[in-house]
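Visitor: quick check, what structure comes out for this input:
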Amino acid sequence: MGRVTLKGDEAPFDVIAFAYNMEQALGEFYTSAARMMENREALDLLTRLAGMEDGHKKRLFDLYRSLDISGKAAGVLEAGSAGETMEGGFSAAEFLQENRSLMGNTADILSLAMMLETQALDLYLRYSHGAEDDESRRVLLRIAEDEKAHLRALGHMMEAVHNEE
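Guide: Numbering: from 1, shown residues only. Prediction:
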């Protein structure tokens with residue numbers, strides 16, 4: 001796996017901000033990849049995947065806000081959302097450069113997306129076991145549940161692609 005910056009002793013807000021930044025970077029990766037696609041189905045899929053990452057960001061924002069008694073959640077998350085490391089711990093630019101040739105059709109794109117989501121799920125579960133406080137552990141487990149839901153959605157999309165063949 002690529003770059004990972006959590007140590008395990010972060011406060012829940014830091015964990016959420018970390019996840020939010022990874023979702024932001026992955027969404028930007030999908031958007032950048034979509035701009036390079038000539039295949040309309042691949043472009044549409046990548047655009048849909050970018051939208052799913054926006055959904056993840058919204059859930060993380062809502063979680064952050066639910067824990068934030070100061071009411072400053074929006075500014076904090078948006079100010080820090082310029083992270084370059086996407087889910088899976090990869091640099092979005094490097095990953096796109098190295099894997100562009102593997103993104104020729106929807107099945108290939110879904111396979112890459114599933115790999116990234118699986119690595120993110122693994123990351124959050126591992127960190128949940130090492131979290132030093134209960135609230136951080138609960139936050140990591142909530143984020144992991146979102147990743148599981150995203151993997152299920154990707155699995156259904158993959159089934160649909162294979163049923164069309």
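Visitor: when you work out contacts or count neighbours from here on, use the C-alpha atoms and nothing else.
Guide: OK.
Visitor: immediately after whichever strand or helix holds Ala17, which helix or strand?
Guide: Ala17 belongs to helix 12-36 when assigned by DSSP states H and E. As assigned by DSSP H and E, the chain's next helix or strand after helix 12-36 is helix 40-67.
Visitor: for that next one, name the packing helices and strands.
Guide: helix 12-36, helix 73-79, helix 106-130 (3 or more C-alpha pairs under 8 Å, 6 or more residues apart in numbering; DSSP states H and E).
Visitor: my read: Leu125 touches Arg138, true?
Guide: No. Proximity of Leu125 to Arg138 does not meet the contact threshold set by C-alpha atoms under 8 Å, at 10.5 Å.
Visitor: look at those two and report which has more neighbours.
Guide: Per other C-alpha atoms under 10 Å, whichever of Leu125 and Arg138 has more neighbours is Leu125, with 19 against 14.
Visitor: excluding chain neighbours, what is closest to the residue nearest in space to the middle of the chain?
Guide: Nearest residue to the geometric centre of the chain (C-alpha atoms, centre = their mean): Glu23, 3.8 Å. Leaving out its chain neighbours, the residue that sits closest to Glu23 by C-alpha to C-alpha, 6 or more residues apart in numbering is Glu53, at 5.6 Å.
Visitor: same check, this time on Thr85
Guide: Per C-alpha to C-alpha, 6+ apart, closest to Thr85 is Ser91, 4.7 Å.
Visitor: just checking, the one you found touches Glu84?
Guide: Yes. Applying C-alpha under 8 Å, one finds Ser91 in contact with Glu84, separated by 5.7 Å.
Visitor: figure out how far the longest helix anywhere in the chain is from the centre of its chain.
Guide: Criterion DSSP state H: the longest helix present in the chain is helix 134-164. Helix 134-164 has its average C-alpha position 10 Å from the chain's average C-alpha position, going by C-alpha atoms, centre = their mean, to the nearest Å.
Visitor: and for Ser91, the neighbour number?
Guide: Neighbours of Ser91 (other C-alpha under 10 Å): 20.
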